[in-house]
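Undergrad: Let's see this in three dimensions:
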Amino acid sequence: MRSKVVNHLLSKLDIHPVLIDVGASGAPPEIWERIAQHSIYVGFDPDLREIHEVPESRFYKAIIVNEAVTSDEGSDEVLFYFTKSPRCSSTLRPDSESLSHYLFSDLFIVEKEAKVRAATLDSVMERLSLPRIDWFKTDSQGTDLRLFKSIKDIVRSRVLAVDIEPGLMDAYLGEDLFVDAHREFVRSGFWLSRLDVGGSVQIRRSSLPTAMALASRSDDRFIYETVRPSPGWVNARYLRTLDWLAQDGFTQREYVLLWVFALLDGQLGFAFDLGIEYERLFGKGEISDTLKNEPVLLMKRDYPRMFLARFAAPVMGRVRRVGRQLIGL
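TA: Predicted coordinates for the structure are as follows:
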């Protein structure tokens, strides 16, 4: 993606994307870096042990809310489980029985339970005078779907991009799993743009001493490096469909911003479709030309590298294998 083109569009149209980050342990998502100077960033996390200070100069505006996000409108505090790893802390209790089969189970050990301040997304949006959410990222450890559904419909229906990290296994009691989240997002006018599977080694931690003794090893790195992880969760990204935009009367702002999000995610074909649709709805001009031309320029730029990755590399791999076989004769 050429940042200069994106910066020009966002500046020309005075667009300031609203980026919501629920579960902001660690730095803001790297994918937002190229639009940070134009964006309003709001990060939520009641567990500040690994929270990163976000310089306001990095974003157009940056706010960290030291509160838990809840879907319960009638509660201003919730019970929060502070786990050994801050990134596993949640408003849901870890499912210790299910987790006991996995090597990373110790990360979910609850070190403290405490009531923390909590707020709904709607109430925080009102408090901060934010009229919309453009990109909703949540890593809430088990409640991603219910938090998204808790946003009032007038705001939720106009969210353009969503990042979630739901489970494939029961890491928390009563958590929202990927199978349920995917069904709901597709039904609600999104398409799945990216899916990365994460996981952990399935071996009980209580079995480690015996395994370590037999392998003559002193730490569990040996297991992590030799045993294939089992799928445990996914990082999923959803973008709005063209059909949803057409039926709900979205404006030029939303078409351009979704185009920017598509470019950030490397979805050049979808970005080109957005350019065609933009021109059909709003007429031909500088903006429509940019929305159509830029994805094609990026495709042409990336073609040699992609060709080598898809075709030349596998051929060279076969040549190397044949060479090794001949040497072994």
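Undergrad: Skipping its backbone neighbours, what lies nearest Leu100 in space?
TA: I think there's a mix-up here, since residue 100 is Ser and not Leu. Distance criterion C-beta to C-beta, 6 or more residues apart in numbering; nearest residue to Ser100, sequence neighbours excluded, is Arg204 at 6.1 Å. C-beta coordinates here come from the backbone N, C-alpha and C atoms, glycine included.
Undergrad: my guess is that neighbour meets Leu99, correct?
TA: No. Using C-beta atoms under 8 Å, Arg204 makes no contact with Leu99, being 10.1 Å away.
Undergrad: who's more crowded, those two?
TA: Ranked by neighbour count (other C-beta atoms under 10 Å), Arg204 and Leu99 place Leu99 first, with 23 against 12.
Undergrad: what about Ile287, how many neighbours?
TA: So Ile287, with other C-beta under 10 Å, has 20 neighbours.
Undergrad: And the next helix or strand past the helix or strand hosting Leu239?
TA: If you go by DSSP states H and E, Leu239 is part of strand 230-240. Following strand 230-240 in sequence order, the next helix or strand is helix 242-247 (DSSP H and E).
Undergrad: I'd like to know which elements that following helix is packed against.
TA: In terms of contacts (3 or more C-beta pairs under 8 Å, 6 or more residues apart in numbering; DSSP states H and E), helix 242-247 is packed against helix 252-264, helix 268-282.
Undergrad: Give me whichever of those helices is most buried.
TA: Ranked by mean neighbour count, the helices and strands packed on helix 242-247 are led by helix 252-264 with a mean of 22 (mean count of other C-beta atoms under 10 Å).
Undergrad: Doesn't Ile133 lie inside a helix?
TA: No. Looking at Ile133 with DSSP: H, G, I helix; E, B strand; the rest coil, it is coil, so not inside a helix.
Undergrad: which ones are touching it?
TA: Neighbour list for Ile133: 18, 20, 121, 125, 151, 155-156, 158-159 [criterion: C-beta atoms under 8 Å, 6 or more residues apart in numbering].
Undergrad: what does Tyr102 give?
TA: Counting by C-beta under 8 Å, 6+ apart, Tyr102 touches 169, 200-203, 230, 232.
Undergrad: can you list the helices and strands packed on helix 242-247 in CSV and add mean pLDDT and distance to Asp45?
TA: Formatted as CSV, the helices and strands packed on helix 242-247 follow (pLDDT from 0 to 100; distance: least, C-beta to C-beta, whole Å):
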stretch, mean pLDDT, distance to Asp45
helix 252-264, 97, 23
helix 268-282, 96, 31
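Undergrad: Quick check: which of those is nearest to Ser129?
TA: When the helices and strands packed on helix 242-247 are compared by C-beta to C-beta, helix 252-264 sits nearest Ser129, at 18.0 Å.
Undergrad: Which elements pack onto that closest one?
TA: Other helices and strands packing on helix 252-264, by 3+ C-beta pairs under 8 Å, 6+ apart, are helix 3-12, strand 230-240, helix 242-247, helix 268-282, helix 286-307.
Undergrad: Right, I'll call it a day here.
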